[in-house]
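Asker: Give me the fold of what follows.
(one chain, ligands or ions: 1)
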Amino acid sequence: MSRTTEELLELERKHSSWGDTVHYLEPPKFFERAEGSYLYDRDGTPYLDLQMWYSAASFGYGNRRLNGALTRQLNRLPQLASQYLHAERVELAAAIARLNTSKFGLDGRVHFNVGGSQAIEDSLKIVRNATGKNLVFAFMGGYHGRTLGASAITSSYRYRRRFGHFSDRAHFVPFPYCFRCPYGKKKEDCGLYCLKQFESNFDTEYNSFWDARAGESEFPAFYIEPIQGTGGYVIPPPEYFPGLKKILDDHHILMVDDEIQMGFYRAGKFWAIENFGVAPDIIVFGKALTNGLNPLSGVWAREGLISPGVFPPGSTHSTFSSNTLGTAVALEAVHMMEEEDYEGMTRRKGAYFLSQLKDLQRRYPRVIGDTDGMGMALRVELCREDGYEPDRELTDRMFAEGMKGDLVARSKRMGLVLDVGGYYKNVLTLAPCFDITEDEIDLAVELLEQLIRRCAPDRV
Ligand SMILES: Cc1ncc(COP(=O)(O)O)c(C=O)c1O
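Answerer: Numbering: from 1, shown residues only. From the prediction side, this is the model:
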């Protein structure tokens, strides 16, 4: 006999740790089915999903081609210890390595694990092993995961506070968040002041980062997200990363590119960093590689950093890394990305969605302070009447109202799944399904407008 929602919630309150997830809604919401861009609750109400599991399910819930690859592997080779090889693992690593050779002109290798944070941990080992140093730069507003090592290079102290002292905490550098410039500048005439500030760290040894005699930085790597994910889908100006890479190269500092959320066409290119014409030394990926069907993650690194002579067998290892189910789906996903024009599709649909959001911003200037997007990574920053002061309360209200499932559009009851991000938790970070139609984008905007009118009636 299936239990009622109330009974399940009672069990959850008693027996589930709340430490392994977030509890944004009280009570948390149950879903029962998923298809395409929609989640369905226990009453069968559809919820249009604009965040697709933080971009892990970019290719749509129940994607037939990817589900098919999973089922085939399930029926053929569902389990295998990682010490043995299977074809999909080898082919997947080769496909990603070759893609990167063609994109960046660099040879490298691919290393697997499960979960984004664990892949970040592995990349930290690669950096430490190759450079003999353990301090790194990372961005304010950056998010790299919640294992101990990943928390140490994630900007929020909130994620570290309960868990003791982290001696290898990153040095956090301001991100070029132009709508809220950390230096109070305007992007039209700032001359990339933030980059100059970073570069000035290396002017003299007394700034604490650089030994000019040895030609060495105490910080061997800089962890970046090309577009900040949890930070609120913040898109930097086009010249920023090329400038940063030059400074890093001049000081023999590696660039580690965290593509866990923005990789695999979320930002209109296979890797988001390609939008900026920069070749990183290490790339970390996860999430959408398997469309969320398996937690497979991984790291690509330049040959000199990861060849077996440098980074020997067993340097990191996990029972489930390169598991057969994950690698089979991921290989199919990579083939699918090679065969179909995701670049054109994500750019076209993203541009259409963004134009609709800009129109919403024009009509509700006392609610929306900023809209922006790259590919299908889109942001709506909710502000108070002045169009600037962050409005966290309104953002929370819109998120919660969307989850009630009582909006009515096109004579149907439905809900809207949103995700909240940003430095002040006032940004709707939109990561819609790549298969979303123009008509569904229109519907999404209609539902967003309903939420604005319901949650901020005095400002419309
Ligand atoms: C950019 C980025 N890095 C790392 C992570 C951590 O990945 P995971 O949650 O799979 O450990 C995330 C997760 O949201 C992310 O967005």
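
Asker: Which helix or strand contains L378?
Answerer: In this assignment (DSSP states H and E), L378 forms part of strand 377-382.

Asker: oh, I was asking about R362
Answerer: Using DSSP H and E, R362 maps to helix 342-363.

Asker: And the next helix or strand past the strand holding L378?
Answerer: Downstream of strand 377-382, the first helix or strand assigned by DSSP H and E is helix 392-402.

Asker: Kindly export that following helix (C-alpha atoms) in PDB.
Answerer: C-alpha atoms of helix 392-402 as PDB (Å, rounded to 0.1, in the frame of the first residue of the first chain):
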ATOM      1  CA  ARG A 392      15.600  38.200  -1.400                       C
ATOM      2  CA  GLU A 393      12.100  38.000   0.200                       C
ATOM      3  CA  LEU A 394      10.400  38.500  -3.100                       C
ATOM      4  CA  THR A 395      12.700  35.800  -4.700                       C
ATOM      5  CA  ASP A 396      11.800  33.300  -2.000                       C
ATOM      6  CA  ARG A 397       8.100  34.100  -2.300                       C
ATOM      7  CA  MET A 398       8.200  33.600  -6.100                       C
ATOM      8  CA  PHE A 399      10.000  30.300  -5.700                       C
ATOM      9  CA  ALA A 400       7.600  29.100  -3.000                       C
ATOM     10  CA  GLU A 401       4.500  30.200  -5.000                       C
ATOM     11  CA  GLY A 402       5.700  28.500  -8.100                       C
END
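
Asker: what's the angle between that helix and strand 377-382?
Answerer: 120 degrees (axes from the mean of the first three to the mean of the last three C-alpha atoms, to 10 degrees).

Asker: Considering only this structure, name the residue that lies closest to the ligand.
Answerer: Going by C-beta to the nearest ligand atom, the ligand is nearest to G116 of the chain, at 2.3 Å. Where C-beta positions appear, they are placed from N, C-alpha and C, glycine not excepted.

Asker: show me what contacts that residue?
Answerer: Residues near G116 by C-beta atoms under 8 Å, 6 or more residues apart in numbering: H144, G145, A150, I260, V284, G286, K287, S297.

Asker: Skipping adjacent residues, who's closest to A81 in space?
Answerer: Using C-beta to C-beta, 6 or more residues apart in numbering and skipping the chain neighbours, the partner closest in space to A81 is T319 (7.7 Å).

Asker: And L195, by the same measure?
Answerer: Nearest one to L195, counting by C-beta to C-beta, 6+ apart, is G243 at 4.7 Å.

Asker: again with K358
Answerer: T371 (5.5 Å).

Asker: where's the one you found relative to A152, distance?
Answerer: 33 Å (C-beta to C-beta, to the nearest Å).

Asker: related to what we said a few turns ago, and the residue nearest to L195, which of the three is it?
Answerer: At G243 the chain is in helix, as set by DSSP: H, G, I helix; E, B strand; the rest coil.

Asker: what do you get for Y424?
Answerer: coil.

Asker: How many neighbouring residues does it have?
Answerer: By the measure other C-beta atoms under 10 Å, the count of residues near Y424 is 16.

Asker: show me the contacts for it.
Answerer: Residues in contact with Y424 (C-beta under 8 Å, 6+ apart) are P390, R392.

Asker: And the pLDDT at it?
Answerer: Y424 carries a pLDDT value of 98.

Asker: For the spatially most central residue of the chain, give me its contacts.
Answerer: What sits nearest the mean C-alpha location of the chain, by C-alpha atoms, centre = their mean, is Q261, with 2.0 Å. If you count contacts by C-beta under 8 Å, 6+ apart, Q261 has them with Y54, S55, E225, G229, T230, K287, A431.

Asker: Same check on E88?
Answerer: Going by C-beta under 8 Å, 6+ apart, E88 touches Q73, T324, T327, A328, A330, L331.

Asker: so can I have a markdown table of those showing secondary structure, distance to the ligand and pLDDT?
Answerer: Formatted as a markdown table, these follow (DSSP: H, G, I helix; E, B strand; the rest coil; distance: C-beta to the nearest ligand atom, whole Å; pLDDT from 0 to 100):
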| residue | secondary structure | distance to the ligand | pLDDT |
| --- | --- | --- | --- |
| Q73 | helix | 21 | 98 |
| T324 | helix | 20 | 98 |
| T327 | helix | 17 | 98 |
| A328 | helix | 20 | 98 |
| A330 | helix | 14 | 98 |
| L331 | helix | 20 | 98 |
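
Asker: which of the residues you listed tops the neighbour count?
Answerer: Greatest neighbour count in the contacts of E88, by other C-beta under 10 Å, goes to A330: 32 neighbours.

Asker: hang on, isn't that one packed against R89?
Answerer: No: under the criterion of C-beta atoms under 8 Å, A330 makes no contact with R89, lying 9.3 Å away.

Asker: just the helices in this protein please.
Answerer: Assigned helices in the chain, in chain order: 5-15, 52-55, 64-76, 87-104, 116-131, 148-152, 193-199, 240-250, 303-306, 324-339, 342-363, 392-402, 438-455 (criterion: DSSP state H).

Asker: buried stuff in the fifth one?
Answerer: Yep, that's helix 116-131 we're talking about. Using 16 or more other C-beta atoms under 10 Å as the test for burial, helix 116-131 gives 116-124, 126-128, 130-131.

Asker: And for stretch 172-191?
Answerer: Across stretch 172-191, burial judged by 16+ other C-beta under 10 Å covers F172, V173, F175, P176, Y177, C178, F179, R180, P182, C190.

Asker: same deal with stretch 400-416?
Answerer: A400, E401, G402, M403, G405, L407, A409, M414, G415, L416.

Asker: quick one: which of those residues is nearest A456?
Answerer: Taking C-beta to C-beta as the measure, E401 is the one of the buried residues of stretch 400-416 closest to A456, at 10.9 Å.

Asker: now this protein, which segments are flagged as low pLDDT?
Answerer: The chain contains residues with pLDDT under 70 at 1, 166-167.

Asker: Kindly report the residues of it close to the ligand.
Answerer: Proximity of the chain to the ligand, by C-beta under 6 Å from any ligand atom, involves residues 54, 115-117, 120, 143-145, 225, 229-230, 258, 260-261, 286.

Asker: Out of those residues, grab the one that's most surrounded.
Answerer: Within the residues of the chain next to the ligand, D258 tops the neighbour count with 33 neighbours, counted by other C-beta under 10 Å.

Asker: beta partners for that residue?
Answerer: V284 (DSSP bridges).

Asker: Surely it and V284 touch.
Answerer: Yes: counting by C-beta under 8 Å, D258 touches V284, with 5.0 Å between them.

Asker: so what sits against both of those two?
Answerer: Common neighbours of D258 and V284 (C-beta under 8 Å, 6+ apart) are I120.

Asker: Next, find the distance separating L451 from E274.
Answerer: To E274, L451 is 34 Å away according to C-beta to C-beta.

Asker: Show me which of these two is the more surrounded one.
Answerer: Taking other C-beta under 10 Å, L451 and E274 do not tie; L451 has more neighbours (20 against 17).
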